[in-house]
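Fold the following and give me the result.
(one chain, ligands or ions: 1)
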Amino acid sequence: MQVIRPKSDGLSHAAALKERIVARTARVGVVGAGYIGLPLAVAQAKAGFTVVAVDQNPIRVAQLNQGSNYLRDVDDADLATVVTRGKLTATTELDRIGDFDVVIMCVPTPVTLHKDPDTAFIRKIGAEIASRLRPGRLITLESTSYPGVTEELLLPILATSGLKVGEDFFLAFSPERVDPGNARYVTVNTNKVVGGVTAACLDVASTFYGQTIDEIVPVTSPQVAELSKVFENTFRAVNIALVNEMAQLCDKMGINVWEVLDAASTKPFGMMRFNPGPGVGGHCIPLDPFYLTWKARRYDFHMRFTETAAEINLAMPWFVREKLRRTLNERGTPLKDARILQIGLAYKRDVEDWQESPALRVLHLLEDDGANVEYHDPHIPSMREEDGRLRHSVLLTPDALSRATCVLITTDHSSIDWDFVVRNARVVLDTRNATHHVEAGREKIVLI
Ligand SMILES: NC(=O)c1ccc[n+]([C@@H]2O[C@H](COP(=O)([O-])OP(=O)(O)OC[C@H]3O[C@@H](n4cnc5c(N)ncnc54)[C@H](O)[C@@H]3O)[C@@H](O)[C@H]2O)c1
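Here you go, the predicted model:
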């Protein structure tokens with residue numbers, strides 16, 4: 001039986017919790033120790049909080065408890081240090097949620113097969129928290145979702161506890177902006193937007209995040225924070241779609257899109273460069289715009305720009321297949337039975353993540369057409385697909401390169417020697433302009 005701690009000496013719950021936060025005695029639970037949860041948990045443990053990562057994945061939990069890292073974005077030594085010091089532990093037991101003064105929700109927010117928001121993870125963890133909620137707790141949601149999710153979905157679930165938001169417990173939305181693979185901007189130096197359900201919620205949540213993050217950006221409601229996050233990613237999705245559309249036009253006109261972009265990017269103002277590619281991937285850009293358009297439809301408002309952008313980005317793997325077909329056709333080879341060596345399965349450079357990766361979509365499309373596809377990815381030595389199929393990365397040897405009818409570059413990892421690739425390949429279709437520094441053998445390179 002959990003004991004309800006009394007407010008200390010007549011302090012309000014908010015003031016008492018803030019005291020514990022500032023003294024770093026507040027116990028922190030991070031639910032979901034993935035790309036956003038783990039870096040956050042480590043940052044808080046480094047700042048002196050005692051943190052427990054709650055994750056349903058027993059392999060991750062076991063690794064964490066041994067101080068063993070599974071994410072490139074987390075520093076091995078930082079993780080080992082906080083685990084050794086007992087500042088960070090991990091568990092699969094959701095029951096532990098009742099122990100924490102601060103619970104940060106970092107669970108996935110995927111879309112369904114029909115591209116509608118799938119909020120099942122938020123609802124499940126929300127119910128787990130509600131059943132153990134005690135006065136004086138702060139709950140923050142970091143998972144990206146549609147504007148309204150905190151107050152319309154999560155708050156009613158937490159309110160089943162009978163406690164009052166803003167007085168007994170505190171609730172805020174604070175979107176995570178982490179950019180996997182970005183060494184310059186990490187958890188602590190990326191400004192953090194915070195929107196509380198009430199003024200007290202904002203105050204407590206800002207105090208909490210202010211302990212670990214350099215700059216807090218308070219906003220007047222969770223909805224503003226939620227919308228700012230989906231807008232940021234929709235901004236990227238729309239601009240990527242624009243250059244992808246340009247790439248397709250340039251293909252028809254016989255113009256090098258990369259040269260066009262290099263030229264346009266010399267403009268010192270009013271121009272922000274985005275690059276074309278085989279599509280968009282990862283946990284954010286392919287999904288977040290659908291959360292926004294789904295919500296907008298509730299207001300009979302169709303976000304045509306955003307929907308068109310999603311359509312263009314989703315179609316890029318088909319464009320790559322078509323371009324590969326033509327590339328082979330010009331050399332008298334059909335795609336059927338061709339040997340394709342695909343370089344890069346990760347959704348972007350220097351990450352190990354192939355979730356929603358357009359490279360994988362391309363691979364499937366090529367196999368659908370009867371091509372024999374092997375892949376090389378230095379960050380993905382092997383991968384198991386949803387249907388159980390296990391694939392292994394092949395070594396990037398002169399033999400593997402020269403045996404391939406075509407080398408297809410879908411991810412421009414910085415560790416790959418592109419001179420070596422071009423030197424040994426028969427023909428290269430480069431969807432990322434990874435080979436832009438290569439001088440010898442340029443006649444073998446086809447760019448999108
Ligand atoms: N990855 C990014 O670059 C990024 C950036 C900003 C925001 N986000 C958002 O952050 C959220 C999480 O994304 P992520 O990339 O960290 O996902 P992830 O898949 O890397 O991690 C999610 C973790 O949650 C765990 N989990 C799932 N259900 C659980 C449950 N019921 N109980 C306990 N643990 C559970 C999983 O085992 C996994 O370890 C999503 O809403 C995503 O949109 C991601």
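
Quick check: the closest residue to Ala80 other than its chain neighbours vs the ligand, distance?
Excluding the flanking residues, the one nearest Ala80 by CB to CB, 6 or more residues apart in numbering is Gly67, at 4.1 Å. Just so you know, the C-beta spots here come from the backbone N, C-alpha and C atoms, and that holds for glycine as well. Using CB to the nearest ligand atom, to the nearest Å, one gets 17 Å for the distance from Gly67 to the ligand.

Same check on Arg321?
27 Å.

In space, what's closest to that residue - neighbours in sequence excluded?
In space, Arg321 is closest to Leu365, 4.6 Å off (CB to CB, 6+ apart).

Near that neighbour, how many residues? Count them for me, please.
18 (other CB atoms under 10 Å).

Just to check, it is in contact with Trp318?
Yes. Using CB atoms under 8 Å, Leu365 is in contact with Trp318, at 6.6 Å.

that older thread, quick one, what contacts the residue nearest to Arg321?
317-318, 320-321 (CB atoms under 8 Å, 6 or more residues apart in numbering).

Helices - which of these land there?
Counted as lying in helices by DSSP state H, out of the contacts of Leu365, are 317-318, 320-321.

Buried among those? Make that a PyMOL selection.
Restricted to buried positions by 16 or more other CB atoms under 10 Å, the PyMOL selection for those reads:
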select buried, resi 317+320+321
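
any idea which of the ones in helices among the contacts of Leu365 is the one closest to Met246?
Nearest to Met246 among those: Val320, at 15.3 Å, using CB to CB.

ok, the closest one touching Pro276?
No. Between Val320 and Pro276 there is no contact under CB under 8 Å: 10.4 Å.

Next up, the contacts around Lys318.
Just to correct that, residue 318 is Trp rather than Lys. Leu365.

and if we set it to 6 Å?
Residues near Trp318 by CB atoms under 6 Å, 6 or more residues apart in numbering: none.

repeat for Trp354
So Trp354 contacts 345-346, 360, 380 (CB under 6 Å, 6+ apart).

how about 8 Å then?
Here Trp354 is in contact with 281, 345-347, 360, 377, 380, 383 (CB under 8 Å, 6+ apart).

Same check on Pro117?
109, 111, 145-146, 290-291, 294.

Of the residues you listed, which is the most crowded?
Tyr291 (26 neighbours).

Please settle this for me: is the residue nearest to Arg321 part of a helix?
Yes. Counting by DSSP: H, G, I helix; E, B strand; the rest coil, Leu365 is found in a helix.

what about it, distance to the ligand?
From Leu365 to the ligand the distance is 25 Å (CB to the nearest ligand atom).

Same check on Glu167?
28 Å.

Could you tell me how many residues sit around that residue?
Count around Glu167 with other CB under 10 Å applied: 14.

got it, and Asp368?
10.

per-residue confidence at it?
At Asp368, the model reports a pLDDT of 97.

Which residues are in contact with it?
No contacts exist for Asp368 under CB under 8 Å, 6+ apart.

name the element the most centrally placed residue in the chain belongs to?
In the chain, the C-alpha nearest the mean C-alpha coordinate belongs to His283, at 3.7 Å (CA atoms, centre = their mean). Secondary structure from DSSP states H and E places His283 outside every helix and strand.

For the nearest residue to it once chain neighbours are set aside, which residues are in contact?
What sits nearest to His283 in space, not counting adjacent residues and going by CB to CB, 6+ apart, is Gln355, at 6.1 Å. Contacts for Gln355 (CB under 8 Å, 6+ apart) come out as 281-283, 347.

Tell me which residues touch Pro222, please.
Pro222 is in contact with 141, 149-151, 171-173, 195-197, counting by CB under 8 Å, 6+ apart.

What's the local residue count around Gln44?
Gln44: 27 neighbours (other CB under 10 Å).

For this structure, give me the ranges with low pLDDT.
The chain contains residues with pLDDT under 70 at 1-10.
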